[in-house]
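A.B. asks: Take a look and give me a structure for this.
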Amino acid sequence: MNESKTSTRTTAETQSSAAVVSVCCGARLHFGLLDTAAPFGGVGVMIDQPATEITVSQAPRFSCDGHQSDRVLAIARRLQHSMRWSDLPCCRVTIIEQPSAHSGFGSGTQLSLAVAETLAAFCDVRLPQETLALEIADRGKRSAVGVHGYFHGGLIYEDASSDSTEAPEFGQLNPIHRRIELPESWRVVLMIPRSSAPPMHGQDEQTQFDHLAAGDPQRQARLREMLSTELLPAAHSHDFPAFANAVQRYNHESGLLFVSSQGGPYNGAEVASLVASLTQSGAVGVGQSSWGPGIFAWCDSLDSAQSLCEFVETHWQDQLSNLMIASVRNTARSIHHSTSTSS
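C.D. replies: Next up is the predicted model:
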């Protein structure tokens, strides 16, 4: 049953027949923004690791344990306010799996969207995806790559509409300009340096953007040209060498928008050094995801990804806190309803 925003029914009356609702989603690699000011724009791709999994189950009252309980409670309260409920939903939110925060893989957006959608589904509430993202999850107000990726998967290029360079109205997501499914055989090697510059997030991130000047128009033009003539055509044609080269060049060029905050195209000396070492050793499609410190390198197969991991472990194992292989996720998050609480 659809729930309208004018509902004043209690939460006990709004719960669905499902005893458990679960959502599982992947992570977001961000290749870089097009500008430091609205409408920003940018490109990235969804991957299957590190994963996030949330369950919501029946309970006498609302509860969530763990270090993300404040975030989860805030999302639940926004849903309660949006639906004009008198109480929070009677359920328990359990975070089954989540990646380390502030590594550059969009974990905050994926977690918030998963919690928002799972709570809404548990309460049998159907809201537009944009409402879930902006109003309930409180995400997507700068970069929309992770939001669109959560709902659609694949490579996402988001920007202002193709016939306008104006920013969307306040409270709107940048639309998807182009979505491309990449070959399932491609892999990404993910690395997180053990030592790196402090991660940028929350109010610190907003402060950095507040002090950044709008990007150089010539750099913006180069970034859009790279996308339209190199990166997107290579992705569409599944031309791995051209794609990897374009991703690395675009990532470096976009990083130069943030020199005043990062000290260079990458966030700190440790990330810059590892990117340079990987490139000099023959790795391709190397870059920093978002603010980092997460680093990626593209491979055309699982075998080549495993070989790269072995090489990295031999040469830089002591410099890394995490090393993994991810696949492209061309599909949306998965959502499952169960009428039984048994496992």
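
A.B. asks: drop to CA atoms for contacts and neighbour counts, all remaining ones
C.D. replies: Fine.

A.B. asks: Pull out the buried positions in stretch 232-251.
C.D. replies: Within stretch 232-251, the residues scored as buried using 16 or more other C-alpha atoms under 10 Å are 232-235, 238, 240, 242-251.

A.B. asks: elements contacting the longest strand along the chain?
C.D. replies: As assigned by DSSP state E, the longest strand anywhere in the chain is strand 42-58. Packed against strand 42-58 by the contact rule (3 or more C-alpha pairs under 8 Å, 6 or more residues apart in numbering; DSSP states H and E) you find strand 20-33, strand 91-97, helix 107-122, helix 145-152, strand 155-158, strand 320-327.

A.B. asks: those strands in this structure, which residues are they?
C.D. replies: For the chain, the strands defined by DSSP E cover 20-33, 42-58, 63-64, 91-97, 155-158, 176-180, 187-193, 284-288, 295-299, 320-327, 334-338.

A.B. asks: got TSV for the ones you listed, with distance to residue 76 and mean pLDDT too?
C.D. replies: Formatted as TSV, the strands of the chain follow (distance: least, C-alpha to C-alpha, whole Å; pLDDT from 0 to 100):
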stretch	distance to residue 76	mean pLDDT
strand 20-33	15	97
strand 42-58	12	97
strand 63-64	10	96
strand 91-97	10	96
strand 155-158	28	98
strand 176-180	28	97
strand 187-193	32	97
strand 284-288	33	98
strand 295-299	33	98
strand 320-327	31	96
strand 334-338	18	95
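
A.B. asks: Take those strands and lay them out in CSV including mean neighbour count and distance to residue 307.
C.D. replies: What follows is those, written out as CSV (neighbours: other C-alpha atoms under 10 Å; distance: least, C-alpha to C-alpha, whole Å):
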stretch, mean neighbour count, distance to residue 307
strand 20-33, 27, 21
strand 42-58, 24, 19
strand 63-64, 17, 41
strand 91-97, 19, 28
strand 155-158, 26, 25
strand 176-180, 17, 27
strand 187-193, 23, 10
strand 284-288, 27, 13
strand 295-299, 26, 10
strand 320-327, 17, 11
strand 334-338, 15, 31
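
A.B. asks: which stretch among those comes nearest residue 222?
C.D. replies: Nearest to residue 222, of all these, is strand 20-33, at 12.3 Å by C-alpha to C-alpha.

A.B. asks: Which parts of the stretch 151-300 of the chain are helices?
C.D. replies: With DSSP state H, counting those that start in this stretch as the criterion, the stretch 151-300 of the chain has helices at 202-211, 217-226, 232-237, 240-255, 259-262, 269-280.

A.B. asks: any chance of those in a markdown table, with mean pLDDT too?
C.D. replies: Conversion of these to a markdown table gives the following (pLDDT from 0 to 100):
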| stretch | mean pLDDT |
| --- | --- |
| helix 202-211 | 56 |
| helix 217-226 | 93 |
| helix 232-237 | 98 |
| helix 240-255 | 97 |
| helix 259-262 | 84 |
| helix 269-280 | 95 |
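
A.B. asks: Nearest to residue 41 among the ones you listed would be which one?
C.D. replies: The minimum distance between residue 41 and the helices of the stretch 151-300 of the chain falls on helix 217-226, with 9.9 Å, by C-alpha to C-alpha.

A.B. asks: now for that closest one, which elements pack on it?
C.D. replies: Helix 217-226 packs on helix 240-255, going by 3+ C-alpha pairs under 8 Å, 6+ apart.

A.B. asks: tell me the angle of the helix it packs on relative to helix 217-226?
C.D. replies: For helix 240-255 against helix 217-226, the angle by axes from the mean of the first three to the mean of the last three C-alpha atoms, to 10 degrees is 160 degrees.

A.B. asks: who touches the residue nearest to residue 186 when sequence neighbours are not counted in this structure?
C.D. replies: Leaving aside its chain neighbours, residue 186 sits nearest to residue 300 (4.6 Å; criterion: C-alpha to C-alpha, 6 or more residues apart in numbering). Residues in contact with residue 300 (C-alpha atoms under 8 Å, 6 or more residues apart in numbering) are 185-187, 240.

A.B. asks: Break the chain into its domains for me.
C.D. replies: Structurally, the chain divides into domains by automatic domain parsing as follows: 11-179+333-338, 183-327.

A.B. asks: about what we covered before: between the contacts of residue 300, which sits nearest residue 63?
C.D. replies: Closest approach between these and residue 63, by C-alpha to C-alpha: residue 187, at 37.9 Å.

A.B. asks: Please look at the closest one and residue 307 and confirm they touch.
C.D. replies: No. Residue 187 lies out of contact with residue 307 (C-alpha atoms under 8 Å); the separation is 11.8 Å.

A.B. asks: Can you name the residues bridging to residue 192?
C.D. replies: On the basis of DSSP bridges, residue 192 is bridged to residue 322.

A.B. asks: Quick check: it touching residue 323?
C.D. replies: Yes. Under the criterion of C-alpha under 8 Å, residue 192 makes contact with residue 323 at 6.7 Å.

A.B. asks: Return every residue with contacts to both of these two.
C.D. replies: Common contact partners of residue 192 and residue 323 (C-alpha under 8 Å, 6+ apart): none.
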